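> using only what follows, build the 3D model:
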Amino acid sequence: MRLSIVVPCYNEKATLEKVLDRIKDLDVAKEIIVVDDFSTDGSRELLEGPLKGKADKIVFHDSNQGKGAALRSGFAHATGDMVIVQDADLEYDPLEIPNLLKNGTLARLLAA
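Numbers count the residues shown, from 1 in each chain. As a prediction, the model looks like this:
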């Protein structure tokens, strides 16, 4: 099983590298998809430069369209068997993702 992790991003320069590093360190088969929703704080430049290799796919919106549009863009690029959202602001800790997979919580949520 391969997990697609969609990371919607809008003006998250302060936490973007940390969230990507935490996701990369997860011991799960995954692809990381970042969708930048036309950030203006330097997030976009980080994704085009030093953070480019930390994501498998990076999608750039040409205008700010909102989180829903960022998620739809990410989902459209996902190729995993399951998809999960990880906000770039670290509101949720990516280190919890393996627990969701291990104890079946994610599967139960999907079946609901």
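> what are the ranges of the helices in the protein?
For the chain, the helices defined by DSSP state H cover 16-24, 43-48, 67-77, 97-102, 105-111.
> show me what counts as buried in the third one.
To tie it back to what came earlier, the one meant is helix 67-77. For helix 67-77, a neighbour-count test (16 or more other CB atoms under 10 Å) marks Ala70, Leu71, Ser73, Gly74, His77 as buried. From N, CA and C alone the C-beta is placed, and that goes for glycine too.
> and what of the second one?
Within helix 43-48, the residues that count as buried by 16+ other CB under 10 Å are Ser43, Arg44, Leu46, Leu47.
> can I get the CA coordinates of it in PDB?
This file holds the C-alpha atoms of helix 43-48, laid out as PDB (Å, rounded to 0.1, in the frame of the first residue of the first chain):
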ATOM      1  CA  SER A  43       7.000  29.700   0.500                       C
ATOM      2  CA  ARG A  44       6.800  29.500  -3.200                       C
ATOM      3  CA  GLU A  45      10.500  30.400  -3.600                       C
ATOM      4  CA  LEU A  46      11.500  27.800  -1.100                       C
ATOM      5  CA  LEU A  47       9.600  25.200  -3.000                       C
ATOM      6  CA  GLU A  48      11.200  26.200  -6.300                       C
END
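> and that helix, how far out from the chain middle?
14 Å (CA atoms, centre = their mean, to the nearest Å).
> looking at it, Leu20 is touching Gly53, isn't it?
No. With contact defined as CB atoms under 8 Å, Leu20 does not count as touching Gly53 (9.7 Å).
> ok, those two, which is more surrounded?
Leu20 (24 against 9; other CB atoms under 10 Å).
> give me the residues contacting stretch 90-106.
For stretch 90-106, contacts defined as CB atoms under 8 Å, 6 or more residues apart in numbering pick out 3, 5, 15, 18-19, 22-23, 26-28, 82, 84, 86.
> one more time with 7 Å, if that's ok
Applying CB atoms under 7 Å, 6 or more residues apart in numbering, the contact partners of stretch 90-106 are Thr15, Lys18, Val19, Arg22, Ile23, Leu26, Asp27, Val28, Met82, Ile84, Gln86.
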